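> Provided below are the primary sequence and the corresponding predicted coordinates.
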Amino acid sequence: MSLECSHHLFGKYAKPGRRAALALHVLLAAMMSAVIGGQTSDYVLGAQDVLAVTLRDRPEFSGEYVLQNDGTFAFPLVGTIAAGGRTVSAVETELRNRLADGYFKNPQILVAIHQHRSQRIFVVGEVEKPGNYPLSGDTTLLQVLTLAGPLSVNAGDEVIVVRPKADRLAQGPVLPADGSGAEVSRVDLEKLQSGQLVEDLPLHNGDTIFIPKAEHVFVFGQVKSPGSYPVRKQTTVLQALSLAGGLSDRGSTNRIKVVRIVDGKEKEVRVKLNDLLQPNDTIIVPERWF
């Protein structure tokens, strides 16, 4: 994956000084993301997974086999195979052993995943391709963001991973406010962008990846494009003014004020261009006196 692709994934998050580390990290993630939906011998099978079984000794027995709700499937000659909770390689070994027990000498059989249906994760929020994604083998947060990205321009500073309780496997997305007692992990996007592997969480069956909207500030007065703008952490007054197109011909950098809600009440604050903003701040740019 190119440096341009890494910037496409995270958009404006990819600061120039950190793009090289991000590009390497996303390249590795892209290589690993091929595992999702692909073949892996250590994938743990479950109900509704579809196996592709090839038996060279009897080609007519080759085909696709769907695991039933109890995790089993029936195969000619040997009968029922309990596959749920086992790996693909373990099922292949059992089939080979049972076929060798009175049917074939050294049977040539291959078992692979055709469709992953039993294990999945959910992606919701400010991303281009939200939806359900199959979970196969060792899958991480960045791999899934690579598949579901890029993030939208309204994405916030963090990604939230919600993991349901072990006894309450999710049938759909679970959000932090659902009150289900799920485990909630918050990942800093800037740290993930910088290539800090500790932020690239391993994902489990039923996890929900939630990308919330960014907080907003409001810019009014003598600017070219007044309105509401999404902001991230460490956004300064000057950066917010830039989002609003900069000052108009009549705008002044002197006497800029911010209206901020403090303890439920509006408070006017005199600010400098390098001062940091808070969510929901309203910037008012005055007109020049002369």
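Sure, I can see it.

> and the helix or strand harbouring residue 184, how far out from the chain's middle?
Here residue 184 is covered by strand 183-188, with elements defined by DSSP states H and E. The gap between where strand 183-188 is centred and where its chain is centred comes out at 12 Å by CA atoms, centre = their mean, to the nearest Å.

> Now it - C-alpha only, PDB.
Listed in PDB are the C-alpha atoms of strand 183-188, where the atom choice follows Å, rounded to 0.1, in the frame of the first residue of the first chain:
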ATOM      1  CA  GLU A 183     -16.300  -4.000  27.800                       C
ATOM      2  CA  VAL A 184     -15.500  -0.700  26.200                       C
ATOM      3  CA  SER A 185     -12.000   0.200  24.900                       C
ATOM      4  CA  ARG A 186     -11.100   3.700  23.500                       C
ATOM      5  CA  VAL A 187      -8.300   4.000  20.900                       C
ATOM      6  CA  ASP A 188      -6.600   7.300  20.200                       C
END
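
> Helices of the stretch 51-200 of the chain, start to end?
Listed in chain order, the helices found in the stretch 51-200 of the chain under DSSP state H, counting those that start in this stretch are 88-100, 141-148, 189-193.

> Keeping just the C-alphas, turn the last one into PDB.
In this case it means helix 189-193. Extracted as PDB, the C-alpha positions of helix 189-193 are listed here (Å, rounded to 0.1, in the frame of the first residue of the first chain):
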ATOM      1  CA  LEU A 189      -6.500   7.700  16.400                       C
ATOM      2  CA  GLU A 190      -3.400   9.900  16.400                       C
ATOM      3  CA  LYS A 191      -1.500   7.200  18.300                       C
ATOM      4  CA  LEU A 192      -2.800   4.600  15.900                       C
ATOM      5  CA  GLN A 193      -1.800   6.800  13.000                       C
END
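
> Give me the next element, helix or strand, following it.
Per DSSP H and E, the helix or strand that comes after helix 189-193 is strand 208-211.

> picking that back up, quickly run through the sheet partners of the strand holding residue 184, with directions.
The partner list of strand 183-188 in its sheet, established with DSSP bridges, is strand 158-163 (antiparallel).

> what is the orientation angle of the strand it pairs with with helix 141-148?
110 degrees (axes from the mean of the first three to the mean of the last three CA atoms, to 10 degrees).

> Any chance you could list what contacts strand 158-163?
Residues outside strand 158-163 that contact it (CB atoms under 8 Å, 6 or more residues apart in numbering) are 141, 145, 174-176, 178, 182-189, 192, 201, 203-204, 206-212. Every residue, glycine included, has its C-beta placed from N, CA and C.

> returning to what we had before: Serialize the helices of the stretch 51-200 of the chain to TSV and add fields for mean pLDDT, distance to residue 127 and mean neighbour count.
Formatted as TSV, the entries for the helices of the stretch 51-200 of the chain read as follows, by pLDDT from 0 to 100; distance: least, CB to CB, whole Å; neighbours: other CB atoms under 10 Å:
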stretch	mean pLDDT	distance to residue 127	mean neighbour count
helix 88-100	95	30	17
helix 141-148	91	5	23
helix 189-193	84	12	19
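
> how about the ones you listed in CSV, adding distance to residue 107?
Shown next, in CSV, are these (distance: least, CB to CB, whole Å):
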stretch, distance to residue 107
helix 88-100, 4
helix 141-148, 36
helix 189-193, 47
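
> Test my guess that residue 82 contacts residue 68.
No. With contact defined as CB atoms under 8 Å, residue 82 and residue 68 do not form a contacting pair (10.4 Å).

> Residue 51 - how many residues pack around it?
With neighbours defined by other CB atoms under 10 Å, the count for residue 51 comes to 23.
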